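**Q** Got a predicted structure here, sequence first:
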Amino acid sequence: MQKKSKILLILIFLCVCSVLMLTGCDQVGKLMQLISGHGPAGIGRPMGPTGPKAVSVVTVGTQKVTLTTELPGRTAPFRIAEIRPQVSGLILTRLFEEGSDVKAGQVLYQIDPAPFQAALDSAKAALGRAEANLKSTRLRAERYKDLLADKAVSQQDYDDAMAALAQVEADIAYYKATLKTARINLEYTRITAPISGRIGRSSVTDGAIVTAYQPMALATIQQLDPIYVDVPQSTTELLRLKQRIKSGVLHRNVCKQRKVKLILEDGTEYPLEGTFRFRDVSVDPTTGSVILRMVFPNPDNILLPEMFVRAVITEGVKYDAVLVPQQAVNRTPKGLPYVLIVDKDGKVNVRMLRLDRAIGDKWLVSSGLAPGDRVIVEGLQFVRPGEQVKVVPFVENKVVHGSESGGKIETKKRPGGGA
């Protein structure tokens with residue numbers, strides 16, 4: 001039995017030596033320190049056997065932030081014209097290519113002009129006949145006037161001559177109007193474009209019979225450069241914004257307020273800025289919102305009618321904005337946001353917050369924090385309220401965002417992002 005025990009001790013010794021050769025003495029020493037709980041101090045780990053835990057904090061300050069709202073909307077043509085005939089007739093030919101750009105005054109359809117040309121010629125002939133009778137009728141009336149003074153003709157003959165003159169003059173005026181109408185109708189046989197823009201498909205072909213002012217449009221022209229963008233804004237949000245501006249929480253710059261950015265439905269930003277045009281005066285009772293209308297240049301026809309877009313509208317500037325990293329904010333089981341802060345005595349306290357919106361990787365805090373508060377960002381899971389901690393400054397990754405260039409942080413409000 002003693003011999004077997006000696007052999008077992010020798011085998012254990014050899015195993016220990018092998019481990020030392022593979023890992024090194026330093027690694028084994030560190031492993032033993034970790035196992036014993038006396039390793040190097042870190043975030044959330046005691047600084048010593050009895051020291052407080054270390055946490056990373058950020059000190060709350062204020063900064064200037066430009067607040068924006070992102071609202072969904074759709075594009076609409078700047079001008080739209082439905083092409084309808086103004087005279088009835090037969091379509092001889094269509095003179096445009098569907099889907100092409102047309103200019104104002106360009107001929108689109110040609111209606112058979114033959115019957116209208118005949119009506120014009122008839123009106124010219126009738127006018128000429130009336131004008132031919134005018135001279136003799138006027139001379140007769142003048143002679144009767146002289147003869148009436150000498151009692152050579154009766155008063156009745158003179159009255160008849162004056163009535164005939166008035167009848168001829170009235171006929172001339174009537175035939176002039178008829179001639180003008182015939183000329184207008186002849187011009188209407190050439191259906192032209194009232195505006196410049198892009199024309200859609202044609203609803204008729206050559207040889208179709210059309211009637212004047214028919215309900216069905218022959219084609220539709222839409223002006224797309226510039227183009228409107230209509231977005232709805234809830235009246236609740238509108239009233240809240242007005243109240244914040246009135247109370248001085250937000251400050252407005254009228255020139256900058258009118259500039260609007262646009263995000264396309266694939267997530268890319270439209271390269272050209274638009275201008276805020278007006279806010280509708282009536283509220284849609286079904287949605288409780290008003291329509292905001294913007295105008296955007298569209299030289300390359302990137303924006304098409306009824307396209308879904310998102311407009312980024314500037315609300316105003318907040319000069320005393322309080323921002324905290326999103327990772328520092330936790331929520332209660334009821335969803336209420338809160339942070340853990342370190343007070344002047346080095347103890348952990350809870351602060352309930354009211355959040356406005358997300359700005360990049362931070363939250364904009366409406367209330368609950370004041371400048372100088374130290375908010376715990378790292379080590380939250382290792383500490384509890386009332387516990388003594390050691391403060392370590394939080395080092396944030398310095399990532400340059402395009403919206404933060406020039407010292408101004410551009411923010412976007414997520415739909416429903418407030419808390």
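**A** Arrived safely.

**Q** Just list what the strand ranked longest in the chain packs against, helices and strands only.
**A** Across the chain, the strand with the greatest residue count (assigned by DSSP state E) is strand 62-83. Packing partners of strand 62-83 (3 or more CB pairs under 8 Å, 6 or more residues apart in numbering; DSSP states H and E): strand 197-199, strand 219-234, strand 289-296, strand 308-325, strand 409-410. The C-beta positions use only the backbone N, C-alpha and C, and glycine is treated the same way.

**Q** Could you report the pLDDT at the residue nearest the centre of the chain?
**A** For the chain, the residue nearest the mean C-alpha position is residue 311 (3.0 Å; CA atoms, centre = their mean). We have a pLDDT of 90 for residue 311.

**Q** Which residues are in contact with it?
**A** By CB atoms under 8 Å, 6 or more residues apart in numbering, residue 311 lies in contact with 70-73, 229, 231, 260-263, 274, 292, 294.

**Q** For it, list each beta-bridge partner.
**A** Residue 311 has these beta-bridge partners by DSSP bridges: residue 71, residue 262.

**Q** wait, isn't residue 208 in contact with residue 91?
**A** Yes - using CB atoms under 8 Å, residue 208 makes contact with residue 91 at a distance of 4.8 Å.

**Q** is it true that residue 326 touches residue 362?
**A** Yes - Residue 326 lies in contact with residue 362 (CB under 8 Å); the separation is 6.2 Å.

**Q** More neighbours: which of the two?
**A** The neighbour comparison of residue 326 against residue 362 (other CB atoms under 10 Å) goes to residue 362, with 22 against 14.

**Q** Look up how far residue 238 lies from that one.
**A** Per CB to CB, to the nearest Å, residue 362 is found 26 Å from residue 238.

**Q** Show me which of residue 208 and residue 91 is the more surrounded one.
**A** Remark: of residue 208 and residue 91, residue 91 carries more neighbours, 21 against 13, as counted by other CB under 10 Å.

**Q** before we move on, the earlier item: hmm, which of the contacts of residue 311 are the buried ones?
**A** Listed as buried from the contacts of residue 311 are 70-71, 73, 229, 231, 260-263, 274, 292, 294; burial here means 16 or more other CB atoms under 10 Å.

**Q** could these be laid out in a markdown table, adding pLDDT and distance to residue 171?
**A** Listed next are those as a markdown table, based on pLDDT from 0 to 100; distance: CB to CB, whole Å:
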| residue | pLDDT | distance to residue 171 |
| --- | --- | --- |
| 70 | 86 | 71 |
| 71 | 88 | 66 |
| 73 | 92 | 61 |
| 229 | 93 | 58 |
| 231 | 90 | 62 |
| 260 | 88 | 63 |
| 261 | 90 | 67 |
| 262 | 92 | 64 |
| 263 | 92 | 69 |
| 274 | 90 | 60 |
| 292 | 88 | 60 |
| 294 | 90 | 59 |
